[in-house]
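Novice: for reference, the sequence and a predicted model appear below.
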Amino acid sequence: MPTGASPIARPIAVVGAGFLGAPVAAALADPAGVGGSPVLATSRSGTWPNGHVPEGIQVRPLDVAALAPADIAATLAGARALVVCYAPGKQQDRRELYVEGTRRLLAAAVMLRPTRLVYVSSTSALPDRDAWLDDDCADWPDEPRGRVQREAEELVRDTCTRHDLPWTILRLAGLYGPGRELFRLYRGAGEDAVLPGDGMQPTNLVHRDDAVQAVLAALALEPEQRGVVNVVDDDHTPRREIFARLAALAGRPPPRWERPPGPAAVGKRVANARLKTLLRVTLLHPSHTPENP
Ligand SMILES: NC(=O)c1ccc[n+]([C@@H]2O[C@H](COP(=O)([O-])OP(=O)(O)OC[C@H]3O[C@@H](n4cnc5c(N)ncnc54)[C@H](OP(=O)(O)O)[C@@H]3O)[C@@H](O)[C@H]2O)c1
C-alpha cells in the first residue's frame with residue numbers, strides 16, 4: 001500500500017478473474033483470516049484460471065452481458081470495493097461487454113454503493129498520434145476498438161460522479177508477464193512472416209506485476225481522490241529494436257519488416273506521471289527490453 005493510503009475496504013469483489021484479475025484477487029486474499037472475509041472473484045464460467053483456487057478466495061460465475069443489474073448486485077452482495085477487469089476474448093462482442101455490460105455492472109454498483117470502484121480500461125482509449133499523451137488527454141481515438149473503451153470510461157466516470165461513488169479508471173498498456181511473454185508479441189505472426197510497416201512505433205507495455213500494484217494502490221486511495229491513471233512502464237523502445245534483441249537472444253535472425261526503418265520512432269507514447277504521483281507505484285519492471293524481462 002502506498003505511504004499515506006487508506007486501508008482497503010473489505011469485502012472486495014474482483015469481476016473478471018483472468019490474466020490480471022486472478023493475481024489481483026490473490027494479492028488481496030487474506031489466508032490468515034485477519035480481515036475476516038474472503039475475496040470474491042468472478043469469471044463468466046465460475047472457474048479459476050488454473051483450477052486451483054488459492055486460500056481466501058471464493059469464485060462465483062458472473063456474466064455482466066447476460067444478467068440484469070439486480071442479479072449482478074445479488075452475485076456481488078456485500079462487496080465494499082469493486083475491481084472490474086473483464087475482457088471479451090474472441091467470442092464476445094466488444095461493445096456488448098465493455099459498454100452494455102458495464103452499464104449493467106454500474107447500475108448494480110449504484111445498488112451496492114462500494115467505497116471504491118476500480119475500472120480497468122486500456123491505452124487504446126487514447127488517440128493514435130505522434131505525441132506524448134498524458135492521463136488527462138481529452139481526445140478520443142479514431143478507430144472503433146478504442147472508441148468502445150473510451151465510451152465505457154465515460155460511462156464509469158459519469159455514473160460514478162452522478163451517484164457520488166469514488167472511482168478510478170486504470171488505462172492499461174499492453175500486458176505481458178508469466179504465460180504471456182514478450183516473445184509472443186512477435187512470434188504470434190509466424191516464424192518467417194514479414195511484419196507490417198517499419199516497426200518504428202514506440203511500444204506501450206506494462207508487466208502484470210506492475211498492473212497488480214496499480215490496482216492495489218487505486219483501492220487504497222482516499223475517497224475524494226478520483227480520476228484516470230495511465231498504467232504503462234517507462235520504456236518506449238520501438239518494436240523493431242525489441243524484436244531484434246529478442247531474436248538475438250533466441251539465436252535467430254531479426255524478423256523481416258515490410259519497410260526499412262524511418263529516421264525516428266513515430267507514434268503515441270503514453271506517459272505515466274499519475275501512476276507515480278497519485279498511486280505512488282515504484283515500477284518493478286520499468287523497462288521491458290529483453291535484458292530486463
Ligand atoms: N491483455 C492486455 O494486453 C490488456 C491491455 C490493456 C488493457 N487490458 C485490460 O485488462 C483487463 C483484463 O484483461 P485480461 O488480459 O486479464 O483478460 P482475460 O485474461 O481475458 O480475463 C478476462 C476475465 O473476464 C471474464 N469475463 C469475460 N466475459 C465476461 C462477462 N461477459 N461478464 C463477466 N466477466 C467476463 C473472463 O471469464 P471467463 O474466462 O470465464 O470467460 C475472465 O475471468 C481488461 O479490462 C482488458 O481490457 C488488457
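Specialist: Sure, I can see it.

Novice: pull the helix or strand with minimum mean pLDDT from this protein.
Specialist: Scoring the helices and strands of the chain by mean pLDDT, DSSP states H and E places helix 183-187 at the bottom, with a mean of 67.

Novice: could you pull out the helices in this structure for me?
Specialist: Counting by DSSP state H, the chain has these helices, from start to end: 21-28, 69-75, 94-95, 102-112, 144-162, 183-187, 208-219, 239-249, 273-277.

Novice: so the longest one versus helix 102-112, what angle?
Specialist: Counting by axes from the mean of the first three to the mean of the last three CA atoms, to 10 degrees, helix 144-162 points 20 degrees away from the direction of helix 102-112.

Novice: and helix 144-162, which residues are buried?
Specialist: Neighbour counts over helix 144-162 (16 or more other CB atoms under 10 Å) mark 146-150, 152-153, 155-157, 159-160 as buried. For glycine as for every other residue, the C-beta is placed from the backbone atoms N, C-alpha and C.

Novice: ok, so of those, who is nearest the ligand?
Specialist: Using CB to the nearest ligand atom, Gln149 comes nearest to the ligand of the buried residues of helix 144-162, at 7.1 Å.

Novice: need the residues of the chain near the ligand, please.
Specialist: Where the chain comes near the ligand, counting by CB under 6 Å from any ligand atom, the residues are 15-21, 43-45, 62-65, 85-89, 92, 97, 101, 120, 122, 172, 174-175.

Novice: related to what we said a few turns ago, will you turn the helices of the chain into TSV that also has distance to Arg10?
Specialist: What follows is the helices of the chain, written out as TSV (distance: least, CB to CB, whole Å):
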stretch	distance to Arg10
helix 21-28	8
helix 69-75	17
helix 94-95	32
helix 102-112	14
helix 144-162	20
helix 183-187	35
helix 208-219	10
helix 239-249	40
helix 273-277	24
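
Novice: looking at these, which has the lowest confidence?
Specialist: In terms of average pLDDT, helix 183-187 trails the rest of these, at a mean of 67.

Novice: was I right to think Ala217 contacts Val24?
Specialist: No. With contact defined as CB atoms under 8 Å, Ala217 does not count as touching Val24 (11.5 Å).

Novice: and the two? Which one has more around it.
Specialist: Val24 (28 against 22; other CB atoms under 10 Å).

Novice: the closest residue to Leu28 other than its chain neighbours: neighbour count?
Specialist: Leaving aside its sequence neighbours, Leu28 sits nearest to Val39 (CB to CB, 6 or more residues apart in numbering; 4.9 Å). The local packing of Val39 (other CB under 10 Å) involves 26 other residues.

Novice: would you pull up the residue in the stretch 1-150 of the chain closest to the ligand?
Specialist: Nearest to the ligand in the stretch 1-150 of the chain, going by CB to the nearest ligand atom, is Gly18, at a distance of 1.8 Å.

Novice: got phi/psi on that residue?
Specialist: phi -110, psi -140 (degrees, to the nearest 10).

Novice: what about it, how many neighbours?
Specialist: With other CB under 10 Å as criterion, Gly18 counts 17.

Novice: where does pLDDT dip in this protein?
Specialist: By pLDDT under 70, the low-scoring segments of the chain are 1-4, 31-36, 185-191, 291-293.

Novice: the closest residue to Leu216 other than its chain neighbours: how many residues sit nearby?
Specialist: Nearest residue to Leu216 in three dimensions, chain neighbours excluded: Ala27, at 6.1 Å (CB to CB, 6+ apart). Ala27 has 14 neighbours, counted by other CB under 10 Å.

Novice: who's in contact with the closest residue to Asp130 other than its chain neighbours?
Specialist: Among residues not flanking Asp130 along the chain, Val266 sits closest, at 4.9 Å (CB to CB, 6+ apart). Val266 makes contacts with 130, 200-201, as judged by CB atoms under 8 Å, 6 or more residues apart in numbering.

Novice: surely Phe19 and Gly174 touch.
Specialist: No. With contact defined as CB under 8 Å, Phe19 does not reach Gly174; the gap is 11.8 Å.

Novice: neighbours of Gly179, just the number please.
Specialist: Residues near Gly179, counting by other CB under 10 Å: 10.
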